[in-house]
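Undergrad: I'd like to go over a predicted model; first the sequence, then the structure.
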Amino acid sequence: MHVYGTRNTQTSFDVFDFLRKNDRLASLLPTATRIARLQHDCAGALPAMFSNCDVLSFQEGVLVLAVPSSAVAARLKQQLPKLQATLQQRGWQVESVRLKVQVARAMPPQVQMRTLELPPVAVDAFEQLGNALPDTPQNATLIAAIKNMAAKRRQEG
């Protein structure tokens, strides 16, 4: 990974470096390397289709791929013979391919929250409501919340 302004200094290490340095996880290194090579070969076989897909596993000739939606799965199913033939040419003994739809894969990594903006008229109405409510023990927390919200909106505006 290259960060601009750092020349060629490596600023982080990848998963393979982590696996090599951890005794318990070092046994996963061959599998991780194999899956990474297979992911690369699949992306090379179907560059446009495979950008949204991941290799989940490859055992006993069965390749299992994660796809983000059923629509992508339907389009990829049409390309499976090409994918399988290309992988066999590259030395992978792929006998069958299974697709697993994983909707979470399609979701954006972060959801941006937006703050509700209230016009000044609405803030005034909330202040009036806070002042108009009967001052009873049951209403105490509601009144405090309404007045705090109105005060906070006034400061933001």
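TA: Looks like it came in fine. Numbers count the residues shown, from 1 in each chain.
Undergrad: The least confident helix or strand in the chain by mean pLDDT: what's the following helix or strand?
TA: Least confident helix or strand of the chain, by mean pLDDT, DSSP states H and E, is helix 103-106 with a mean of 60. Next helix or strand after helix 103-106 toward the C-terminus (DSSP states H and E): helix 120-132.
Undergrad: And the protein, what are its domain boundaries?
TA: Per automatic domain parsing, the domain ranges recorded for the chain read 15-106, 120-156.
Undergrad: among these, which is the most enclosed?
TA: domain 15-106 (a mean of 14; mean count of other CB atoms under 10 Å). Any C-beta I mention is one placed from the backbone N, CA and C, and that applies to glycine too.
Undergrad: Over the helix or strand where Ala150 lies, what's the mean pLDDT, rounded is fine.
TA: Following DSSP H and E, one finds Ala150 within helix 140-156. For helix 140-156, mean pLDDT rounds to 87.
Undergrad: Give me the residues contacting that helix.
TA: Residues from elsewhere that reach helix 140-156, judged by CB atoms under 8 Å, 6 or more residues apart in numbering: Leu118, Val123, Phe126, Glu127, Leu129, Gly130, Leu133, Asp135.
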